[in-house]
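# Kindly generate the corresponding structure for this input.
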Amino acid sequence: MFTSFKTAAIASAAGLAMCASAAHAQFITGITKPVFGENQPEAYFNLGDSNTFLFDIETDLGIPATAPGFTGLAGDDRNRRFFATVRNGPNDDVYVFSYDDLFNPTKLVETQDDAGNDISIDGLAYDADAEILYGTRTLGSGGLPEGLYAIDLDTGVLTLALDYADPSSTYTIGAIDYNEDDGLIYLADDDDTGGRWIYSVDPLDPTSGLTEIVQFPDNVTDVDGLAAGGGEIFLLTDNANANDGVHHIYNLADGTFGTAPSPYPAPAGSPIAPNPSGGAGYTPNLLDVGGCRADIDGDGELTLFDFLEFQNLFDAGDLQADFDEDGELTLFDFLEFQNQFDAGC
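As a prediction, this is how the structure comes out:
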């Protein structure tokens, strides 16, 4: 009976794959509020061809900040959570969000140097293998240079991993993310001195410096968030005229750029219009709280490969396959996976 059930499930999965729609990898994006009382700071889940509203950062969550909204986002899909920073005075507050309880984030630390002085950071990247949260600094003030920093999640103290000015060069790197597929951190440089590039750095050997990946398209001049995963690099490019009002996605395999719609309106009346800042992170399984848990491989569609990945997790005793959430792996997990698969995303 068990074998015949799995055979039937494979057949069902194959049938659904015939009508599944393709989509980009899945990213969370967040924008700050450039003017108080205007343009609410909102978070969205982006599928490449659509955006799903998650929450208003200020109204729904009540997070205190001098610049309401996310300055950085980093996904930890393995542990079903993401990290976020908000600017609060001269430092940033670091929060962690559970995929399963988005409206109750936990504040972890306030960023500072080893002397206890408040220090601000920009984009975030989480190395799930080494369990290290990284931040990037674009302003070399407060005694700390522009660079890539490890953030102590117990104290908030920043430790320099890579000084962007060594060797001497000009960078404005405000967006980073860790790519679990290849173990690299990807970084976006806004400074036109170097031509505006996506770079990578090996966190196991950061002093080896930055490696050029690709230049931005000519029309992209402002990147405030970056997310890496699923073979793609997502650039949060707001809704600025300079960026054609869309986000941009780079395909690592074929070296091409595509676009994704932006849900963010250009800020009316803002002194920094139309370029508010924000963050992005790779969170492919975030929306399983809304019925997409069956998309196990996180490619935005339900196919035979999701069933095969479920079977691999089940056979390995991995509780990610515990779909009925009873703490055990049984036939009922196969049945629940099948139900969610058949229901679609």
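# In stretch 86-93, which residues are buried?
Under the neighbour-count criterion of 16 or more other CB atoms under 10 Å, stretch 86-93 has 86-88, 91-93 buried. All C-beta atoms are positioned from the backbone trio N, CA, C, and that covers glycine.
# Over to stretch 59-66?
Buried, per 16+ other CB under 10 Å, within stretch 59-66: 61, 63, 65.
# starting at the chain centroid, how far to that stretch?
Relative to the centre of its chain, stretch 59-66 is centred 20 Å away, using CA atoms, centre = their mean, to the nearest Å.
# Now render the buried residues of stretch 59-66 as JSON lines, adding secondary structure.
Shown next, in JSON lines, are the buried residues of stretch 59-66 (DSSP: H, G, I helix; E, B strand; the rest coil):
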{"residue": "Leu61", "secondary structure": "coil"}
{"residue": "Ile63", "secondary structure": "coil"}
{"residue": "Ala65", "secondary structure": "coil"}
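# Give me the domain ranges for the chain.
The chain breaks down by automatic domain parsing into domains covering 2-20+304-343, 27-289.
# wait, which of those is closest to Ile296?
Among the domains of the chain, domain 2-20+304-343 comes nearest to Ile296, with 4.4 Å by CB to CB.
# just to revisit the earlier point, and of the buried residues of stretch 59-66, the nearest to Ile31?
For the buried residues of stretch 59-66, the minimum distance to Ile31 (CB to CB) is 13.0 Å, reached by Ala65.
# Give the helix, strand or coil label for the nearest residue to the closest one once chain neighbours are set aside.
Excluding the flanking residues, the one nearest Ala65 by CB to CB, 6 or more residues apart in numbering is Val86, at 4.2 Å. Put simply, Val86 is strand when judged by three-state DSSP.
# Was I right to think Val86 contacts Tyr95?
Yes: in this structure, Val86 is within contact of Tyr95 by CB atoms under 8 Å, at 7.2 Å.
# Quick check: of the buried residues of stretch 86-93, which lies closest to Ile57?
Val86 (7.4 Å).
# how close does that closest one sit to Leu187?
21 Å (CB to CB, to the nearest Å).
# about what we covered before: determine which stretch of the domains of the chain is the most buried.
Neighbour counts (mean count of other CB atoms under 10 Å) averaged over each of these peak at domain 27-289, with a mean of 19.
# remind me which residues of the stretch 101-250 of the chain are low pLDDT?
For the stretch 101-250 of the chain, the stretches flagged by pLDDT under 70 are 139-143, 166-169, 238-244.
# Can you show me the strands along it?
Taking DSSP state E, counting those that start in this stretch to define them, one finds strands in the stretch 101-250 of the chain at 101-110, 124-127, 132-137, 147-151, 158-163, 173-179, 184-189, 197-201, 211-215, 225-229, 232-236, 246-251.
# Using JSON lines, lay out the buried residues of stretch 59-66 together with distance to Asp202 and pLDDT.
What follows is the buried residues of stretch 59-66, written out as JSON lines (distance: CB to CB, whole Å; pLDDT from 0 to 100):
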{"residue": "Leu61", "distance to Asp202": "35", "pLDDT": "86"}
{"residue": "Ile63", "distance to Asp202": "33", "pLDDT": "84"}
{"residue": "Ala65", "distance to Asp202": "33", "pLDDT": "70"}
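# Phe337: which of the residues you listed is nearest?
If you rank the buried residues of stretch 59-66 by distance to Phe337 using CB to CB, Leu61 comes first, at 31.8 Å.
# Quick check, central residue of this structure?
Geometric centre of the chain, nearest residue: Gly281, 0.6 Å, by CA atoms, centre = their mean.
# separation between that residue and Thr29?
8 Å.
# go on, Asp254?
Taking CB to CB, one finds Asp254 at 23 Å from Thr29.
# now do Tyr149
23 Å.
# Can you tell me the SS state at Asp295?
Going by three-state DSSP: Asp295 is coil.
# circling back to that earlier point, could you dump the strands of the stretch 101-250 of the chain into a markdown table and include distance to Glu336?
Shown next, in a markdown table, are the strands of the stretch 101-250 of the chain (distance: least, CB to CB, whole Å):
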| stretch | distance to Glu336 |
| --- | --- |
| strand 101-110 | 21 |
| strand 124-127 | 29 |
| strand 132-137 | 33 |
| strand 147-151 | 37 |
| strand 158-163 | 42 |
| strand 173-179 | 31 |
| strand 184-189 | 36 |
| strand 197-201 | 39 |
| strand 211-215 | 40 |
| strand 225-229 | 26 |
| strand 232-236 | 30 |
| strand 246-251 | 33 |
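# Ok, which of those comes nearest Asp322?
That would be strand 101-110 among the strands of the stretch 101-250 of the chain, by CB to CB, at 18.0 Å.
# strands paired with the closest one, and their directions?
Counting by DSSP bridges, the strands paired with strand 101-110 are strand 91-98 (antiparallel).
# which element is Glu58 on?
Here Glu58 sits in a region with no helix or strand, counting by DSSP states H and E.
# Asp93: what's it in contact with?
63-65, 85-86, 107, 109-111 (CB atoms under 8 Å, 6 or more residues apart in numbering).
# Using CSV, lay out the domains of the chain together with distance to Ile296.
Output for those, formatted as CSV (distance: least, CB to CB, whole Å):
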stretch, distance to Ile296
domain 2-20+304-343, 4
domain 27-289, 8
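# Quick one: closest of those to Asp295.
Ranking the domains of the chain by their distance to Asp295 (criterion: CB to CB) puts domain 2-20+304-343 first, at 6.0 Å.
# quick check: mean pLDDT across the closest one?
Mean pLDDT, domain 2-20+304-343: 69.
# Lovely, talk soon.
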